[in-house]
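Colleague: model this:
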Amino acid sequence: MATFDPFLVEQKFNETVRMIQSSPSERIQITGIEHFINEVWEYRLQVSSYLEQLLQYLPDLNNPLLLAGIHPKRFSEFIDQIEIIVEELKDTSAEQRLREYRESLSLLKSWTGENESGNSEMLTGYHGKLKPEYKPGEVLIPVVEEFKSTEQDSGIGRLRKLRVDVIGENKKGASELTPAFGVVGKDSGSFLKGVVSSAEKLLSASKKGKYRNWKATAHLSMSHAWHAGRSANLALAAAFYCEMLKAEEMAEYFRMNPAVCISGDVDEYGHVLPVEGESLELKTEAAFFSWVQILVVPTAQLQQVQDILDHLKQDFPNRELPLFGVSKIEELFYDRRLTIHEKTDAIVHNFRKVWKRKFNVASVITVLVLLGVITRLVYGPVDRNPTYVTYEGEFAHIRNASGAILDSKNVGEIYVKNFNETSSQLMSDHIKFFDLNKDGISEVFENKTNVKSKKEEGFLIYSLNGDTLFDRNFYLDIRFDEHPYVKKELFKVRKFEITDFDKDGTNELLLILNIIGYFSSVVAILNIETEEIEKMYVSVGYLRDVEIIDLDEDGFEEILLAAELKGYREKGLIVLDSRYVHGKGILGERYLKTDMEKGIEKAAFIIPQTIIGNIQSKNSTQKAFEKGYPNFLVHNANEYFTYFVQDWYTGGLGDFGLIFEFYKNLTVRSIVSRDNYDIKAKELYDSGQISFEADGLFLDTYRDSLQYWNGTEFQSEPTLNKKYLEAVGKDSTFYKGFFFKTME
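Modeller: Alright, predicted model coming up:
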């Protein structure tokens with residue numbers, strides 16, 4: 001708005017409110033609010049009453065499909081504007097909505113690799129209502145949602161889920177697909193003709209001409225919206241074919257991969273046709289700013305879409321979205337990433353077929369035989385002791401020593417892919433085994449955070465005979481003085497260990513709990529029988545890994561924590577005596593509630609970025625800490641342990657880290673650089689950005705930059721925490737002799 005015109009403000013406000021009230025689309029509503037705020041931003045103090053009313057219309061973005069397609073940087077700017085308005089108006093009614101939007105922004109950033117929590121866990125472990133659901137058979141399609149703004153027609157790109165359900169055999173002589181959603185446009189009466197014909201041709205080829213005709217319905221998420229155009233036809237045809245293949249009682253069949261996004265039309269012969277070119281940019285953005293793993297487009301438009309992706313990657317270089325072009329529908333089934341291959345066990349498959357015809361006299365004997373075999377299969381193998389887990393397809397398979405499957409957990413294809421492609425140290429712990437009652441059969445300890453389940457996230461201990469020993473989640477009330485809107489929150493389990501910490505003959509459960517979106521982590525020791533937290537230490541900053549080692553061999557184990565210390569924005573190591581797990585950690589008094597007792601670390605030290613990491617962080621505008629690349633610990637010898645530290649963030653494109661080896665007295669044994677670190681250091685030296693070669697002498701000097709916690713501050717000389725020495729009292733002489741030379 002060039003000049004302040006109260007009549008024009010009133011007009012635009014009424015138009016915006018009418019748009020919000022008449023549109024069921026949350027995205028259109030939020031776009032209208034954004035447009036109005038931008039129009040009056042320069043004069044917002046004069047129109048504060050309008051803005052105050054408009055804040056009441058902020059929609060609830062309670063579905064990941066509502067977020068897909070939103071540009072993170074533009075959304076961040078919008079949130080910043082709302083926060084400024086809230087502060088100026090002194091209006092707290094929108095604070096909860098702002099917090100939800102910040103959480104939504106965090107998820108958007110994780111999809112594009114820009115978030116500090118943007119690792120593989122985020123996609124599968126993100127808690128709450130925004131976690132994407134992956135149901136085999138569903139497939140994503142990009143759409144453009146059009147609306148009329150004040151001056152012109154506008155559009156936004158977004159995703160919708162598509163599903164086809166076969167409801168029975170069609171006796172009319174031809175297959176039939178009926179949309180369960182509204183269709184508009186000139187081709188609304190015939191737009192499925194090519195879909196049905198091309199799907200039937202695929203089915204005929206798979207069944208060698210011997211197939212039945214089926215009747216099915218097609219569903220789109222958010223059914224209140226109408227569908228126009230033919231860009232969903234390729235996905236519809238593929239989904240229809242897959243569901244008919246399953247209905248044909250095939251032992252092997254395909255399901256659509258729910259993390260794939262498909263755009264394209266199809267004719268009755270199965271040829272893939274291009275879609276409207278003007279919509280491609282918005283549709284590509286919808287897939288790019290989402291959790292989509294691969295985007296499928298017509299081959300004829302492959303280069304056009306690739307150019308759009310290349311442009312988007314200039315601002316979001318960490319987002320990897322593979323592009324796949326198809327010219328015929330059958331090409332969707334050439335690439336294993338696009339579909340899920342289902343294979344039914346031969347015995348079960350034949351039993352199902354016979355059971356459907358169980359009243360046929362000739363089948364009775366077969367049924368009885370199969371029942372006997374299946375009863376044996378249900379009973380399972382004789383050895384019921386679980387020893388290891390394998391991750392295949394969508395399942396975590398719990399196996400005995402012979403490899404027989406004792407139990408299976410549906411964790412989703414994404415989790416399996418991440419587990420098999422990622423170092424296990426970088427993943428959250430999932431399943432471990434421990435014989436609690438010493439009967440020779442281990443119980444299963446399962447972190448439900450990463451499991452695809454409708455149950456609340458938390459922790460589960462159970463035996464394979466069906467007994468549940470422990471099942472709870474972790475809603476913890478940890479307050480932050482400078483962040484009063486943070487209330488009771490759900491923490492996720494990052495790592496866990498089982499051991500007898502207090503040496504009373506009963507094992508306890510240690511959990512490392514992190515919270516998505518904020519900066520606190522918790523070390524909790526729980527009583528397995530009561531499920532109660534008996535000891536709790538709160539760290540300000542993420543805890544990535546844990547090792548339990550009796551460093552000084554005094555009979556009490558130490559808890560070693562791979563940490564990121566928020567107050568210093570650096571990596572570090574925290575050592576707790578298992579007898580002193582309580583209170584708030586280093587710098588906790590700056591953030592945590594004041595009535596929490598100060599914790600007593602046995603030792604702690606900071607491992608700062610090297611000069612190489614500093615240069616790289618300036619180039620990428622990010623430090624390793626800010627991106628939260630996991631650092632991890634390995635206890636690989638009796639004399640020492642290893643600490644792997646990533647020196648700067650790389651978006652998972654390589655290991656640019658250092659390997660620290662520490663003796664049990666916590667002195668540095670050695671520092672070794674990884675190959676990629678050396679390569680980057682050489683590039684910086686050759687280009688003149690540094691005046692020295694980062695060789696062994698450099699790393700030997702770098703060890704002097706470690707900073708050690710003395711109880712009140714960090715210092716350059718190695719030391720134990722004086723507060724810890726005071727706590728152990730008369731035993732302090734022993735620890736002084738074993739660990740660092742402490743300052744008197």
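
Colleague: contacting residues for the residue nearest to R337 when sequence neighbours are not counted?
Modeller: Among residues not flanking R337 along the chain, I294 sits closest, at 5.5 Å (CB to CB, 6 or more residues apart in numbering). Every residue, glycine included, has its C-beta placed from N, CA and C. Shown in contact with I294 (CB atoms under 8 Å, 6 or more residues apart in numbering): 257, 259-261, 321-324, 337-338.

Colleague: over to T733. Which of the three states is it?
Modeller: Reduced to three states with DSSP: H, G, I helix; E, B strand; the rest coil, the structure at T733 is helix.

Colleague: neighbours around it, how many?
Modeller: 11 (other CB atoms under 10 Å).

Colleague: next one: L309
Modeller: Counted with other CB under 10 Å, the neighbours of L309 add up to 17.

Colleague: which residues does it contact?
Modeller: 284, 288, 295, 321, 323.

Colleague: out of these, which sit inside strands?
Modeller: 295, 323 (DSSP state E).

Colleague: which one of the contacts of L309 is nearest to K680?
Modeller: Proximity of the contacts of L309 to K680 (CB to CB) peaks at L321, which lies at 25.9 Å.

Colleague: if we can go back for a sec, filter the contacts of I294 down to the buried ones.
Modeller: Buried by 16 or more other CB atoms under 10 Å: 257, 259-261, 321, 323-324, 338, out of the contacts of I294.

Colleague: contacts only, for the closest residue to L273 other than its chain neighbours.
Modeller: Nearest residue to L273 in three dimensions, chain neighbours excluded: D265, at 4.0 Å (CB to CB, 6+ apart). By CB under 8 Å, 6+ apart, the contact list for D265 reads 194, 230-231, 233-234, 272-275, 298.

Colleague: and D265, how far is that from E285?
Modeller: To E285, D265 is 20 Å away according to CB to CB, to the nearest Å.

Colleague: between the contacts of I294, which is nearest T733?
Modeller: Set against T733, the nearest of those by CB to CB is A259 (59.4 Å).

Colleague: surely that closest one and W291 touch.
Modeller: Yes - using CB atoms under 8 Å, A259 makes contact with W291 at a distance of 6.7 Å.

Colleague: chain center to the helix or strand in which S106 is found: distance?
Modeller: Counting by DSSP states H and E, the element that carries S106 is helix 95-111. Chain-centre distance of helix 95-111: 14 Å, with CA atoms, centre = their mean, to the nearest Å.

Colleague: before we move on, what about stretch 84-93?
Modeller: When C-alpha coordinates are averaged (CA atoms, centre = their mean), stretch 84-93 and its chain have centres 32 Å apart.

Colleague: for this structure, what helix or strand is lowest in average pLDDT?
Modeller: Taking mean pLDDT, DSSP states H and E as the measure, the helix or strand of the chain with the lowest value is helix 120-125, at a mean of 35.

Colleague: the stretch 551-700 of the chain: strands as residue ranges?
Modeller: Remark: strands assigned in the stretch 551-700 of the chain by DSSP state E, counting those that start in this stretch are 558-565, 570-577, 582-584, 603-607, 632-634, 640-646, 657-663, 668-673.

Colleague: what's next to the fourth one, contact-wise?
Modeller: The one in question is strand 603-607. 563, 565, 568, 570-575, 586, 643, 645, 660, 666, 706-709, 714, 718-721, 724, 739-740.

Colleague: partners of that strand in the sheet?
Modeller: Sheet pairing for strand 603-607, assigned by DSSP bridges, gives strand 570-577 (antiparallel), strand 707-709 (antiparallel).

Colleague: I'd like the average pLDDT over stretch 66-76.
Modeller: For stretch 66-76, mean pLDDT rounds to 92.

Colleague: stretch 702-718 too?
Modeller: Stretch 702-718 comes out at a mean pLDDT of 90.

Colleague: so R97 sits against Y57, correct?
Modeller: No - assessed by CB under 8 Å, R97 is found out of contact with Y57, at 10.2 Å.

Colleague: would you mind finding the longest strand in the protein?
Modeller: strand 153-169.

Colleague: direction included, what does that strand pair up with?
Modeller: Strand pairing (DSSP bridges) places strand 153-169 next to strand 139-148 (antiparallel), strand 214-220 (antiparallel).

Colleague: L302: which of the ones you listed is closest?
Modeller: strand 139-148 (15.1 Å).

Colleague: got the buried residues for that closest one?
Modeller: In strand 139-148, counting by 16+ other CB under 10 Å, buried: 139-145, 147.

Colleague: got it, and stretch 61-75?
Modeller: For stretch 61-75, the neighbour count (16+ other CB under 10 Å) marks 61, 64-72, 75 as buried.

Colleague: burial count for F7?
Modeller: 7.

Colleague: that one looks like it's in a helix, true?
Modeller: Yes - membership of F7 in a helix is supported by three-state DSSP.

Colleague: enumerate every residue touching it.
Modeller: Applying CB under 8 Å, 6+ apart, no residues qualify as near F7.

Colleague: contact partners for G505?
Modeller: Taking CB under 8 Å, 6+ apart as the definition, G505 has no contacts.

Colleague: on the pLDDT front, check it for me.
Modeller: 84.

Colleague: which stretch of helix or strand covers it?
Modeller: Applying DSSP H and E, one finds G505 in no helix or strand.

Colleague: quick check: phi and psi at D704.
Modeller: phi -70, psi -10 (degrees, to the nearest 10).

Colleague: state the distance from the residue lying closest to it once chain neighbours are set aside to G209.
Modeller: Closest residue to D704 apart from its sequence neighbours, by CB to CB, 6+ apart: S716 at 7.1 Å. According to CB to CB, S716 stands 81 Å off from G209.

Colleague: just to revisit the earlier point, would CSV of the strands paired with strand 153-169 with mean pLDDT and distance to T3 be doable?
Modeller: Below are these laid out as CSV (pLDDT from 0 to 100; distance: least, CB to CB, whole Å):
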stretch, mean pLDDT, distance to T3
strand 139-148, 85, 25
strand 214-220, 87, 45
